[in-house]
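Participant: Quick one, what's the 3D model for this:
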Amino acid sequence: MTQAAEIRAEARLPTTDLRADLPFFTKTLRMRLDMIYPADNPSVAVFSGHGLRVRVEQGPGTPGVLRLLTDDAEFAGGQRELTSPGGTRVEVDELNPPVVMPRTEHAFVVRRLADQAPWIIGRAGMHYRDLVPSRLGGAMIASHIRIPDGGPVPDMVHFHKVGFQLIFCIKGWVDVVYEDQGGPRRLTAGDCFIQPPRIRHRVLEASDGIEVIEIGVPAEHVTEIDHDMTLPTPVERPDREWDGQRFVHNKAEGAEWRPFRLSGYEARDTTIADGTKGVAGVQVVRPGAGEHGRATHDADILFGFVMQGGFTLEGEGKDPYTLSAGDAFVIPPGMATRWAGPSSDLEVLEVTLPGRFRTAPVEIPA
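Facilitator: Numbering: from 1, shown residues only. Alright, predicted model coming up:
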């Protein structure tokens, strides 16, 4: 049996001066010369390197542009823009630039399930519903994600270049495998994962009708496929950190409930504030004892999602909103609000950045 020939592809670049381009491509751009012809008066040269293969041809044509992304700060002598003798323009940029956190554009946001926001088919066939359309100026994205038909998920090993990412399961279950965290982990309703920046992972299988809430900061971030890593990895390192954050798998079963920051409510902490060293905090909130008072907060981002039951969200200078399961809201810092008239079965997911902030009660005029 003969092995199939390797299929190659080359990007064609015209040049006005091939001879002068030879040292530019080999020395300045550190590419390898693989082919050149004809020998007596070369008009074609093929170079390879940096995952590219380019064919430089003497003759007319519009000069091409190469954009090279590299982690080498000294590449091409540190220059960011170069032009070869034959006219090819080269732009050099960072392969892994730092995650930029946009300035939060604070706003009071209510997104109700009854408003029938569209479900968009996204990565790996998952359905996405946008919970904060403004993205608060690009500071965060909140998605309600579902997989209507369960079974194996056509996912690949990948990672996200992100500052913070939460996966909270509100219905069904999903199996995911993570780098250095042992075998597959099952996330069930009420449980959550913190996926630290750049941790490799892969979604394996999900139940019918699985639904999760995913929070990402910032809103626009890169998902990159890792074709080389196989999961699970052979060594388990539960205390490993990625950009100062640990992987967290918090389970609802057996959780301890304590008084919440708002009077009249109690909450269970998901330990995410500790796992992220205060980058973010995640609480599950339900009615407790006492009056439901009005309060302000000074968190940069405070997002809520009603998982079950309902209540009335009263905001300073706003009409009251009656919220029920599937509804989401954002409360900006400094706005006095009250969670009034909760149903006995109310459960709210609250996500804040940072994880630790101040809440101040506000007197309600008689």
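
Participant: Pull out the buried residues from stretch 126-134.
Facilitator: For stretch 126-134, burial by neighbour count (16 or more other CB atoms under 10 Å) applies to Met126, His127, Tyr128, Arg129, Asp130, Leu131, Val132. The way it works is simple: take the backbone N, C-alpha and C, and place the C-beta from them, glycine included.

Participant: just curious, which of these is nearest to Gly254?
Facilitator: Using CB to CB, Leu131 is the member of these that sits closest to Gly254, with 28.8 Å.

Participant: My guess is that closest one contacts Leu113. True?
Facilitator: No: using CB atoms under 8 Å, Leu131 is not in contact with Leu113; the gap is 9.7 Å.

Participant: quick one, what contacts Gly209?
Facilitator: Counting by CB atoms under 8 Å, 6 or more residues apart in numbering, Gly209 touches Arg146, Ile147, Pro148, Gly150, Lys171, Gly172.

Participant: Most neighbours of all these, which one?
Facilitator: In terms of neighbours by other CB atoms under 10 Å, the contacts of Gly209 top out with Ile147 at 22 neighbours.

Participant: Pairing partners for that one in the sheet, please.
Facilitator: Ile210 (DSSP bridges).

Participant: quick one: pLDDT of it?
Facilitator: Here, the pLDDT recorded for Ile147 equals 86.

Participant: Next, Ile273: secondary structure please.
Facilitator: You called it Ile, but residue 273 is Ala. For Ala273, the secondary-structure state derived from DSSP: H, G, I helix; E, B strand; the rest coil is helix.

Participant: What confidence value was assigned to it?
Facilitator: Predicted confidence (pLDDT) for Ala273: 95.

Participant: Just give the closest residue to it, not the sequence neighbours.
Facilitator: Using CB to CB, 6 or more residues apart in numbering and skipping the chain neighbours, the partner closest in space to Ala273 is Gly355 (3.2 Å).

Participant: for the residue positioned nearest the centre of the chain, what are its contacts?
Facilitator: Geometric centre of the chain, nearest residue: Gly216, 4.5 Å, by CA atoms, centre = their mean. Residues counted as contacts of Gly216 (CB under 8 Å, 6+ apart) are Met140, Ile141, Ser143, His160, Val162, Phe164, Gln165.

Participant: and what of Arg185?
Facilitator: Contact partners of Arg185, counting by CB under 8 Å, 6+ apart, are Asp175, Val176, Val177, Tyr178, Phe193, His249.
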